[in-house]
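[1] My questions concern the predicted model and sequence given below.
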Amino acid sequence: MSNIDSINHVTGKSVYLDDIPVQKGTLHAVVFGSPVAHGKIIDINYSNAQALPGIERIITCKDIPGENQIGGIISDETLFAEDYVHFHGQPIALIVAEDEQAARKALKLIDINIEEKEAITDPRMAKQKGLFLIPPRTFRMGNISGSWKDCEYIFEGKVESGGQEHLYLETQGAYAYNGENGSIKVHSSTQGPTIVQKTVAKVLGIPMNCIEVDVARIGGGFGGKEDQATAFAVMVSLASYLLKKPVKLSLHRSDDMRMTGKRHPYSSDFRIGLSEEYKILAFQTTMYQNGGAAADLSPAIMERTLFHSTNAYFIPNTEVTVYSCKTNLPPNTAFRGFGAPQGMFVIESAIAMAANELHIPARVIQKINLLQENNEFQYGQIAKEVNIGICYQKVEELYDVGKIEKEIKEFNKSNDLIKRGMAIMPVCFGVSFTNTRMNQARALVHIYQDGSVGISTGAIEMGQGVNTKLIQIASKIFSININRIKLESTNTSRVANTSPTAASSGADLNGNALIIACNGLMERLRATAADMLSCAPDEIKIQDETVFRGRKKTHILWEKLVETAFFSRVSLSENGHYATPVINFDKSVEKGHPFAYHVYGTAIITVTLDCLRGTYEIDDVLIVHDFGNSMNPDIDKGQVEGGVVMGIGWMTMEEVLFDNYGKLITNNLSTYKVPDIYSVPKVLECHALKTKGPKLAILKSKAIGEPPFMYGIGAFFAIQNAIKAFNPKYKLEYNAPLTPEKVLMRLYNAY
Ligand code: MTE
Ligand code: MOS
C-alpha cells in the first residue's frame, strides 16, 4: 500500500503549518536573536523599534508570567535571554507586529550593547575548562586494563565527526490563538506535542488542560523538531496570551539554520586491541560531545552513543566514556540516529585503522567480530534473534563481494587518475527510547454509527509514513476497507501525555496502542453479532466487512453490525494504552535490557573518485536489511533510501562551519551543501532478509526510521580506500565530512 498522503503531497493539497487559514487580525512574530555567541547584556533599547508603525509589542523575559524556562531534560535553558547570551541567535525578544515585514524592519532598530566574552566552539576546549552540561558517563564490560597485555596488536587514533543541519523542508513555526476562559490552541510543527503543551503551561504559569496542541503533519523533522520546536510554539502562545490575539511565527530558512541546534559534532580518542587472529579483545574510547549552550536532548543522545559504541560487534572488554561538553553553539539536538552514528563512526574508524596497518581488508576484522546469539552487549542485555551474521554473509554472497573487490583492483590498476573504492558497513541499532518510561502510547478509536472510523494517536506524521501504517493496522483488525478509516490530527486534548514521535518507535508504540483499542471494539462488535445471531461470541468472526458464524458467511455486513451495536447502546469508542513490556535500565550500574529488539543490516558501498578534482560519485549501495516481516515494504524502502542518502550527506558533503566567534558561516543553501539528485547513489538496492520478525515489533515489522542512516558511514571508508589507491602514502585520517576539498588535499598529501 502506498503512502496515504502521496497524492496530496505532490498536488500540494496537504496542509502544513503555513497552509492553515489564519484568523482575522492575526499578528506575526519575528525573533530577535543574539548578535554574538557569548556575552553579558549591558543594555537593550527597544524604543526605536517599538515606535515603528505596525509594531504591536516587543516581548522579553520580563513579560513572562510563569517560568522563563524551556529545558526538557535539564532546566538550563531560558525562553528569552536574561543577563547573558550563550549562543549566536539565542532568542532575546519577540517582535509582534501587524505583518512580518514591519516586524523585520523593527528587528534592525533594536539597539543592543553586549560585553562580548570568549566563545567556546570546540568540545575539547570546553573539557579543558571544565564546562559540561552533565557529568560524564561510562559503559564498561569485562576487564579493560587487564586485557591489553593479551592483545597482539594495539592501535590508537582520533576521530572527528561534524554537525548536520536537519533541513526539514518546513522550517520551525507555530500558530497560537485564544479560546474561552484563558485557554490557548497551538498549531505547532513539532514531533512532541506534549512537550510543547507542558512547556507552554510552565512558561505561562497555567495548567496543561488550558492548552491544546494540534499537529496535522509536519514537513519533516528528522529529530530537529523533537525538542527545538518547543521554543517557537511557546513564543507565539505567550504572545497570544499577553495580547489576546492570534499570533503566528514561521522562521526564514537562514534564521532557522542560525538559531536551531543540529547533530552533535563529536571528537573522540580510541584504542583498540586485537588478537593474532584479529579478534577484537579490547576497545576503549573517550568521546567529547559538542552539546552547545544548553542540555536540550544531549544527555539522551550521549546515552545512545554509549549504547551503540560497539555497533554490531561483540567485544569482551570495553570502556566507553562520553563527556557532554558545554559550548557556545546553539543547543545541539536529536538527529536521525540520535548519537548512534557518531559512536559507530568511531568503532568503524578503529577497525579501518587496524585493517590498514595490518594490510588486510576491513571486512576480515568486521566479520570475525560480529555479534552472535546470546552475546552480551556492554549494557547487559543479552542479544537475541541476532541477524547481523546472516545479513553480512548474505550481502557478500548476493552481490559477490569478492568479484567487486577484484573489479575494483583491476580498474585501479588500469586507471591512473580515476580510482574506485569499496567499504562494507554493518549496522546494529536498538529499538526503544533508552529512557524506559517514554515507551508508552495511547490511541483513541471511534467507530461512527455509519461504520466509518476515526483514529487518533500520539504519533506525528513527518513523511515517514506512520499514518499509513496506523490505517493498515485498523483496517487489518476490523477487516474493513481502508477508505472507511480516517486518521485524525495529533491533538493533546484527544490523546494526552504523548511521547514524541522519535527513536524510530512511532509505529511500534502507537500501533500497539491502536491494536489494543481496536481489539476492545472488536470484542464488543462480536458480542453484538452473537446477540443478533443468537450464538456464542467466540463463534463470530468479522472478515471483509462481513460477519461470519464459524466458517459460514451471514447476511450481516459491517455497517449493519455497527448500527445495531449503536442502537443497542454499545460504546463504539475505545482508548488503548500500550507500554512496552520487558524493557528496563538501571543507570546506577549502567546495565539492563533497554531495547525491545535490535535492527540489523549490512551495506556494501562503492565509489568512484576523480583524482584530479577530488570529486567523487557514489556508485552502488547494496544492502541486506532485516525488516522483520515488513508491514509496508514500499514505505520501508523509502525510509531506507532517504536514510542512506542522508547518512552519506553527513559523512561526505554536509559541513556545518562556525567562525572563531561562534557565528554560523554555513547559514543557507549556497554555503551548506546537501545531497541532491545528482549525488545520490547510481544504484541503491535493498534486499529484505526473510525473518519472522520480533514479537515486540508492530505486527513483527521492525522499526525503520533511523537504522539505514548508518549505512551512509560506509561512504566515508569507501572514499578513503579510493584515496589510498591513488596515494598509498596517505596516512588515514578519520575526520568527517570527507568533502571534495579534503579529499583533494589527501590525494596529494598537501595538509
Ligand atoms: N522520514 C521522513 N520522511 N521525515 C522525517 O522527518 N524522521 C526520521 C525517520 N524518518 C523522518 C523520517 C527520524 S529522526 C525518526 S526517529 C523516525 O523517522 C520517526 O518516525 P517513526 O518513529 O514513525 O519511524
Ligand atoms: Mo529521531 S532523531 O529519534 O527524531
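    The structure has been received and is ready for your questions. Ligands and ions are numbered 1, 2, ... in the order given.
[2] Could you check which residue of the stretch 1-150 of the chain lies nearest ligand 2?
    Residue of the stretch 1-150 of the chain nearest ligand 2, by CB to the nearest ligand atom: G72 (13.3 Å). Where you see a C-beta, it was placed from the backbone N, CA and C, and this is true even at glycine.
[3] cool, the stretch 51-200 of the chain as well?
    Counting by CB to the nearest ligand atom, the stretch 51-200 of the chain gets nearest to ligand 2 through Q191 (5.7 Å).
[4] thinking again about what came up before, how about the residue of the stretch 1-150 of the chain closest to ligand 2, secondary structure?
    Using DSSP: H, G, I helix; E, B strand; the rest coil, the structure places G72 in coil.
[5] Could you pull up the contacting residues of the nearest residue in space to it that is not next to it in sequence?
    Spatial nearest neighbour of G72, excluding adjacent residues (CB to CB, 6 or more residues apart in numbering): D227 at 5.3 Å. Residues near D227 by CB atoms under 8 Å, 6 or more residues apart in numbering: G72, G192, I195, D296, L297, T333, A334, P500.
[6] Could you pick out the residues of the protein near ligand 1 for me?
    220-223, 336, 462-464, 466, 501-507, 639, 642, 703, 705-706 (CB under 6 Å from any ligand atom).
[7] most residues in a single helix of the protein, which one?
    Using DSSP state H, we find that the single longest helix of the chain is helix 506-533.
[8] That one: what's the following helix or strand?
    strand 540-543 (DSSP states H and E).
[9] How about the stretch 151-300 of the chain: which residue is closest to ligand 2?
    G223 (2.7 Å).
[10] Model confidence at that residue, what's the number?
    Predicted confidence (pLDDT) for G223: 98.
[11] same question, the one 4 residues further on
    The pLDDT attached to D227 in the predicted structure is 97.
[12] Then K729?
    Reported pLDDT at K729 in the predicted model: 88.
[13] quick revisit: how far away from the center of its chain is the longest helix of the chain?
    31 Å (CA atoms, centre = their mean, to the nearest Å).
[14] Next to ligand 2 in this structure, residues from the stretch 401-550 of the chain, please.
    Counting by CB under 6 Å from any ligand atom, the stretch 401-550 of the chain sits next to ligand 2 at A502, A503.
[15] Which stretches in the stretch 401-550 of the chain count as helices?
    401-414, 466-478, 506-533 (DSSP state H, counting those that start in this stretch).
[16] With mean pLDDT and mean neighbour count as added columns, please give those helices in JSON lines.
    What follows is the helices of the stretch 401-550 of the chain, written out as JSON lines (pLDDT from 0 to 100; neighbours: other CB atoms under 10 Å):
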{"stretch": "helix 401-414", "mean pLDDT": "98", "mean neighbour count": "14"}
{"stretch": "helix 466-478", "mean pLDDT": "98", "mean neighbour count": "23"}
{"stretch": "helix 506-533", "mean pLDDT": "98", "mean neighbour count": "22"}
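[17] would you turn the ones you listed into TSV with distance to L358?
    Formatted as TSV, the helices of the stretch 401-550 of the chain follow (distance: least, CB to CB, whole Å):
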stretch	distance to L358
helix 401-414	17
helix 466-478	45
helix 506-533	41
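[18] for this structure, which spans come out with low pLDDT?
    750-751 (pLDDT under 70).
[19] spatially speaking, which residue is in the middle of it?
    Central residue of the chain (CA atoms, centre = their mean): R336, 3.1 Å from the mean position.
[20] SS state for it?
    Secondary structure, three-state DSSP: R336 is coil.
[21] Would you mind measuring from A119 to K326?
    As defined by CB to CB, to the nearest Å, A119 lies at a distance of 12 Å from K326.
[22] what about these two, which has more around it?
    Comparing A119 with K326 by other CB atoms under 10 Å, the one with more neighbours is K326, at 26 against 22.
[23] that's a helix at L684, yeah?
    No. Assessed with three-state DSSP, L684 is strand; it does not lie in a helix.
[24] thinking again about what came up before, I figured the residue of the stretch 1-150 of the chain closest to ligand 2 hits I195, correct?
    Yes. Taking CB atoms under 8 Å as the definition, G72 is a contact partner of I195 at 6.2 Å.
[25] related to what we said a few turns ago, identify whichever of the helices of the stretch 401-550 of the chain lies nearest to F433.
    helix 506-533 (8.7 Å; CB to CB).
[26] nearest residue to F566 other than its sequence neighbours?
    Nearest residue to F566, sequence neighbours excluded (CB to CB, 6+ apart): Q449, at 4.5 Å.
[27] what's downstream of the strand or helix carrying V322, the next helix or strand?
    Following DSSP H and E, one finds V322 within strand 317-326. Per DSSP H and E, the first helix or strand lying C-terminal to strand 317-326 is helix 340-358.
[28] what's the helix or strand that that next one is followed by packed up against?
    Where DSSP H and E defines the elements, the next helix or strand beyond helix 340-358 is helix 362-368. Helices and strands touching helix 362-368, by 3 or more CB pairs under 8 Å, 6 or more residues apart in numbering; DSSP states H and E, are helix 340-358, helix 388-398, strand 418-431.
[29] Other residues contacting the second one?
    By CB under 8 Å, 6+ apart, the surrounding residues in contact with helix 388-398 are 312, 363, 366-367, 370-372, 401-402, 424, 426, 428, 600-604, 622-626, 687, 689.
[30] same deal with stretch 656-675?
    So stretch 656-675 is in contact with 36-38, 87-89, 119-121, 162-165, 167, 253-254, 257-258, 262, 265, 328-329, 645-646, 648-649, 653-655, going by CB under 8 Å, 6+ apart.
[31] what does stretch 244-251 give?
    17-18, 22-23, 25-31, 56, 94, 96, 171-178, 232, 235-236, 239-240, 259.
[32] quick one on the thing from earlier: which element, helix or strand, includes the residue of the stretch 51-200 of the chain closest to ligand 2?
    Judged by DSSP H and E, Q191 forms part of no helix or strand.
[33] wouldn't it be in contact with T501 here?
    Yes. Counting by CB under 8 Å, T501 is a contact partner of Q191 at 5.0 Å.
[34] how about the closest residue to ligand 1 within the stretch 1-150 of the chain, what does it touch?
    Scanning the stretch 1-150 of the chain for the residue nearest ligand 1 gives N3, at 9.5 Å (criterion: CB to the nearest ligand atom). With contact set as CB under 8 Å, 6+ apart, N3 has these partners: H9, G465, T468, D634, I635, G638.
[35] can I assume the fourth one sits in a strand?
    No. Under the criterion used here (three-state DSSP), D634 is helix, not part of a strand.
[36] I'd assumed P341 was in contact with I301.
    No. Taking contacts as CB under 8 Å, I301 lies outside contact range of P341: 10.5 Å.
[37] So what's the residue count around V22?
    14.
[38] how near is L94 to M631?
    Distance from L94 to M631, by CB to CB: 43 Å.
[39] So between those two, which is more surrounded?
    Per other CB under 10 Å, whichever of L94 and M631 has more neighbours is L94, with 26 against 23.
[40] Got phi/psi on that one?
    phi -120, psi 120 (degrees, to the nearest 10).
[41] Contacts only, for the closest residue to it other than its chain neighbours.
    Excluding the flanking residues, the one nearest L94 by CB to CB, 6+ apart is I59, at 4.4 Å. I59 makes contact with F80, A93, L94, V96, M235, L238, A239, L242, according to CB under 8 Å, 6+ apart.
[42] Fine by me, thanks again.
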